[in-house]
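> build me a structure from this.
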Amino acid sequence: MAKRRWDDLSSGRKTGRLTLASVQVSLAVTAWTDLAFRPAEQVNGSKLKWAAIIAVSLVGPMAYFRCGRRPVASTPAPAG
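Residues are numbered from 1 along each chain as shown. I've put the predicted structure just below:
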């Protein structure tokens, strides 16, 4: 199977690939930012491990948001 060059793709396929790449990069940056600012006690496992997992395609950031974060304990609002 011959590799397709960018110039050989239709405009619809180019748009689709650029959209998917934008979503992937946005999710990864959001996940890495969350991981960087989240205390280690609120992460399931090693932060270094999750940083590497986030780099894996679309699956990594989704796995981090689904399984990597512990829920933050909410404090009750003051009565009054």
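
> ramachandran coordinates for the spatially most central residue of the chain?
Closest residue to the average C-alpha location of the chain: P61 at 2.6 Å, with C-alpha atoms, centre = their mean. In terms of degrees, to the nearest 10, the main-chain angles of P61 are phi -60, psi -40.

> any idea which helix is longest in the chain?
helix 11-37 (DSSP state H).

> give me the next element, helix or strand, following that one.
helix 47-54 (DSSP states H and E).

> and what about P78, helix, strand or coil?
coil (DSSP: H, G, I helix; E, B strand; the rest coil).

> going forward, the N-terminal residue is numbered 26.
Fine by me, first position is 26 from now on; the one you just mentioned is P103.

> against S36, how distant is it?
57 Å (C-beta to C-beta, to the nearest Å). Placement of C-beta: from N, CA and C, glycine included.

> before we move on, what about V48?
For V48, the distance to S36 - C-beta to C-beta - is 19 Å.

> ok, A80 - contacts?
A53 (C-beta atoms under 8 Å, 6 or more residues apart in numbering).

> now swap in the one 5 residues further on and tell me
Contacts were defined as C-beta under 8 Å, 6+ apart; by that measure G85 touches A53, A56, I78, I79.
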